[in-house]
Structure formats: C-alpha cells, structure tokens
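K.L.:
heads up, no residue letters with this:
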C-alpha cells in the first residue's frame, strides 16, 4: 500500500500502543492491560497493513470488519483507533472506563467510531463475526463482488473458546465454508484464575480442524511484524473454508515482572511496573507517550491507504445493475410501502399465529431484498420458512433460507452480527422456552440496537404434552425486562401482520411471540400501533376491563359474552406490546381504562409485572404440566370459566 511506515515508526507505534495499554488502566484503576500489550504488534499490523478501512468514513459498506471478541482488551482497540485517526484523542484515552467517555470498559458499537459490535461476554463477538461473514457472502453472491467483497477479522482468546457459544458458531461457520472469515486466536494460556491448565486441556487447533476450518499454527511470532503480515496475507487468501490463526503470545509483554503471569490480566500495573516496562521498551517514562509526529504519520498513512480503496469502490457501485435493490437492502423500506401486499383476515380465520407469520414473510419478501430467515432446526414449526427460497450454503451462497441447526446460542449471536454488518434484515426462530439459550445475544442486540427479529413460537402451556421443560412460563416477563427490546405478543392473525410491520419499522431488535395452537380472529390489528387497544366497540361505562395478550384475548372475548348474560359489561383490551404502550402518548387511556373501573389481566404466564397495569391478575405462577395443550391451559386456570369466576368474585 502507499506511504508504508518505516521500521522505526512501526516500532514506535507498537510502543505507543503498549504504553497506552498500561497508562489508561492505571489512571482508571481498572482494566486489562496484559492482553493489549501482547497483541499490540498484531493490532498494528492488522490496522496499518491488512485491514481495508477508512477512518474518515467508518461505515463504508465494503470495509473489512474487525471484531475484538475478547472485549476486555478494549484499550488495544482504542489505542489503534487513536493512532489511525478515528476521532479518539489522548483526552479520551485518559477517560478510559469513565462515565460518558467514548472509551468504555468494553467496545460498544454506535458509541465509539470504528467499533463494529458490542463485545464483552466472551464468545459472543466470535459468533457475531460468523454472522457478519454470512451477510457478506450472501450480498456478494447476490449483488456481485464490485458491491460486496471484504473479509471479517475476529480476535479471540482462551475465554472465548471455552464459552459454549464459540463451539456452535465455529461448527456453523465450518459447515457453511465461510472463507472470508479469519480468526486470530490469542493463545496465551492465561485466564484470571491462572494458567488455562487449571480448567481446560482442549486442543483448539484440532477442534477447529474437526469443524472444517483451515488452521494455521503461526508459532511464537507475536513480536515479528513482517512475519505477522505474511501469515495474515496467506490467511486472507485462503479459500474454501474459514481460517483460524493460532498465535502464541505472552501476556504482559515486555514487562520484566509480569510477562506470562495471570496477574497481568485484570489487575492494573503499579507505577513501578509501568516504569520498569517502559525502560525495557526504551521509551520515556511519561504518561500517554505519543509523539505528535508519529501520530500524524500514522493517521496520514491510514488516510492514504483508504483513499484509493473507497474511490474505486464508489466508482464500481455507481455502475451496479441492481442499484435500487442494493439500496433497499441497506435501507429497509418502511412497511407502508408494502402493506398492500400483506394478507388481511376476517372473523372466520382460524390459524396459529406461527402459521400467519410465514404467510407474511412470503408476502413481503419481494419488497424486502435484505430479508434472510432461518431457525434452529424448527423452520416449519416456527413459521420462519421462506417459500421458494434455497438454503444458504457454500454451493448456494445466495440462499436466503438459513438452517442454523440446533444451535440457538450461535444463531442469536450470528443474527446480531448479520444485522450490524448491514445490508440484510435477519430473522431467526425457535420455541419460546429456548429464548433462555439466546438471552445473552438478545440482550446485546438491544444494547447495540441491532435491527433483527427473533421469532418465538409455542408461547405458552398450550405447547401441551412436552411438559414444563418446553412450556414457557417466565420467558415473556424476562424479555419484557430487557431495555430497548421491542416485544410483541399478537392476539390473532391481524395483530401478527401488524407485529411484522412494527418490527420492520423499528430501529432495533424485536421479539415476536407466537402461538402453537389456532386462535380466534378477534382484532383488526390496530392495537399493535400503540401497544394497546380495545377489541371491538368501546363500551360505555363498562363494569370491568379484561386486559390480555396473545391467545388469551380470544378467551376474554368469549368471557365477555358470557358475562353479558349476567348483566356484567366487560370491555376487552388487547395489549400486545408493553414497550410500545409505554412509548405511546396514552391520549386514549381514558377510553381504554376508564377511571374507577377494575382491570383484570389474563396471560398464560407469570403474573410478574402485570400489577402495573391491572388491579387483579390471572396467570400461571408455577411451572406447567405434561398434558394436551387445551387441558394444560384449563387445569392451570387459563379458561373462559376461570375469567368469568374471577370477575364475578370481584
């Protein structure tokens, strides 16, 4: 590339990174300097010689993606972003891990320029990278290499590969032969507790070979910049499978006291340790040493590398034949543009809402070129089947149907990575009870505001005979507790259509919770807009409000008819989304919840949280039971009779 740094400038840049890696945690009295110090040469080589990136345009679509899966080493990435001109300055580094700073304890996408994903929980970033590689390959296959042709680099450590999510994600990546995915394994044999031998004797290289990855054993070259570059170029050019580069490193290098010690992991060096290390490095013993001339040169170098790359790309993109589809893939159209394509249902409709979502996907697919969908071995069961679409595979990389296999952990994280890559609108599905396996990824999706959709079917004890292990009870309450996650449990077909529209229009993740059993079609779908709405006509001076979600809305309409025969006027209200209701202006509350009228909530799950909206609750505050779905619901108190008796007792 143009304007290559001199050997002395390379050495100085590595020393600057290592100095910052010690100084920032020292000031913060918190942080992880050892890994960042050991990987300073690798990080410098990646950013200055390997990575296709543009500091002036961090969101350039065809940039290489870099993910720091071992996000505790965040100071490494911040130092690299500082040297390469991403807007981080020394004052930001001095505020490492402080409130409101752009240098938080773990990298956060959308918070710090140049950070691709939010990492921290080990292994999640690695699985995000798998999703990014899926998105890149699919876009390249469908739109051509002139539009999309880049690599995903991910840096991971022992902790990432101990976590179970990495096993699932690596297996999926190997199966799909994602050959633009390069992982560098920081093989330092250290955890916080001590040597990895305390808890682990895996052969990571053999593991990845069994998954179908190319494995390159780089050896002990962590301080040899030219050797690192040569090996990474080979890895980048490998085809036919993803590549794992096993790099032997020495945590805390070049500290004379703490190299290869677990104490270098999470305990900031003392002032004497820092001074001794800087003496070995041959740099001034001053805090945040970063010569202006060197920083300027590094930034000019990064700018020069980016200029030609971006200019050529924009020229190629201007000639893209399917430019309108490409733009629509990256800028998901609002649902109003395709609402007329979606089905509508009258009161005779009798479907499970999981069946409806599949019809909605098929209807909207022509308008959403970015839509990719898949499931964890439950494609037909969850409604995440795209009719007429081929399976994503090495031989069919343009496939828009993804078979994730029985890998919910990896599926959730990969979908987050796909969303943050951009150009795709990823949807994944599984049974609702297995949201527990996906919770870390769902939580990170919310933190990251990743635009993805989680479909959860079999949403209550209506699952039936599979029993309490498969019957979600507390899952809905747990998802509602996650900030910035849109959660919608539609009552019937029309609310399911509206829920999909709300997900498409939402700037962040959405969980749609669907029924296994058929449900009555009782709404016009309008309640989804504000999260709440009266079913049917507004009743003048009702005696009670029956407030419910999902399949229980239909039960409430039946209960209201029965109560009417006893002279009790019950207004039925559907509340498919608590969070949408909380974001609404509530201007119609006086009609929905008349003052002084008791509100009874009805939901086939724990009653936790409903007391905010209801005076009385009907729910299931215990685990379920193995029985036919209708029997389980009735025996556990979710029935027309139970609702009527509750209202009469009030």
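P.N.:
All right, it came through fine. Just so we're clear, the structure is a prediction, and the values are computed from it rather than from any experiment. Numbering: from 1, shown residues only.

K.L.:
got a list of what residue 234 touches?
P.N.:
Residues in contact with residue 234, defined by C-beta atoms under 8 Å, 6 or more residues apart in numbering, are residue 216. Glycine gets a C-beta too; all of them are placed from N, C-alpha and C.

K.L.:
Please tell me how far the residue positioned nearest the centre of the chain sits from residue 169.
P.N.:
Central residue of the chain (C-alpha atoms, centre = their mean): residue 416, 2.7 Å from the mean position. Taking C-beta to C-beta, to the nearest Å as the measure, residue 416 falls 11 Å from residue 169.

K.L.:
Tell me the first helix or strand C-terminal of the lowest-mean-pLDDT helix or strand in the chain.
P.N.:
The weakest-scoring helix or strand in the chain, judged by mean pLDDT, DSSP states H and E, is helix 263-266 (a mean of 87). Moving toward the C-terminus from helix 263-266, the next helix or strand (DSSP states H and E) is helix 271-281.

K.L.:
packing partners for that next one?
P.N.:
Counting contacts by 3 or more C-beta pairs under 8 Å, 6 or more residues apart in numbering; DSSP states H and E, helix 271-281 is packed against helix 7-28.

K.L.:
Contacts for the helix or strand that comes right after the helix it packs on, please.
P.N.:
Using DSSP H and E, the helix or strand that follows helix 7-28 towards the C-terminus is helix 34-38. Residues from elsewhere that reach helix 34-38 (C-beta under 8 Å, 6+ apart): 17-18, 21-22, 43, 70, 72-73, 75-76, 79, 157, 186, 188, 190, 222, 249-255, 258, 261, 264-265.

K.L.:
before we move on, what about stretch 467-477?
P.N.:
With C-beta under 8 Å, 6+ apart, stretch 467-477 has contacts from 431-433, 435-436, 456, 458-461, 463, 487, 489, 513, 603, 605-606, 608-609, 620, 622-626, 632.

K.L.:
buried residues in that stretch?
P.N.:
The neighbour-count check on stretch 467-477 (16 or more other C-beta atoms under 10 Å) flags 468, 470, 471, 472, 473, 475, 476, 477 as buried.

K.L.:
Could you look up the SS state of residue 154?
P.N.:
Classification of residue 154 by DSSP: H, G, I helix; E, B strand; the rest coil places it in strand.

K.L.:
Out of the contacts of helix 34-38, which sit inside helices?
P.N.:
Members of the contacts of helix 34-38 lying in helices (criterion: DSSP state H): 17, 18, 21, 22, 43, 75, 76, 79, 264, 265.

K.L.:
Out of these, flag the one nearest to residue 273.
P.N.:
Compare each of the ones in helices among the contacts of helix 34-38 with residue 273 using C-beta to C-beta and the shortest gap goes to residue 22, at 7.8 Å.

K.L.:
Now do the closest one, the pLDDT please.
P.N.:
pLDDT, residue 22: 98.

K.L.:
ok so, going back, which two of the buried residues of stretch 467-477 have the greatest separation?
P.N.:
Pairwise over the buried residues of stretch 467-477, using C-beta to C-beta, the maximum falls at 470 and 477, 17.6 Å.

K.L.:
picking up where we left off before, which strands or helices does the least confident helix or strand of the chain pack on?
P.N.:
Going by 3+ C-beta pairs under 8 Å, 6+ apart, helix 263-266 lies up against helix 34-38.

K.L.:
Average pLDDT for the helix it packs on, rounded please.
P.N.:
Here the average pLDDT along helix 34-38 is 97.

K.L.:
Figure out how far stretch 146-155 is from the centre of its chain.
P.N.:
Centroid displacement of stretch 146-155 relative to its chain, using C-alpha atoms, centre = their mean, to the nearest Å, is 19 Å.

K.L.:
Would you mind checking the average pLDDT for that stretch?
P.N.:
So the average pLDDT for stretch 146-155 ends up being 97.

K.L.:
what about that stretch, how long is it end to end?
P.N.:
By C-alpha to C-alpha, to the nearest Å, the extent of stretch 146-155 from end to end equals 27 Å.
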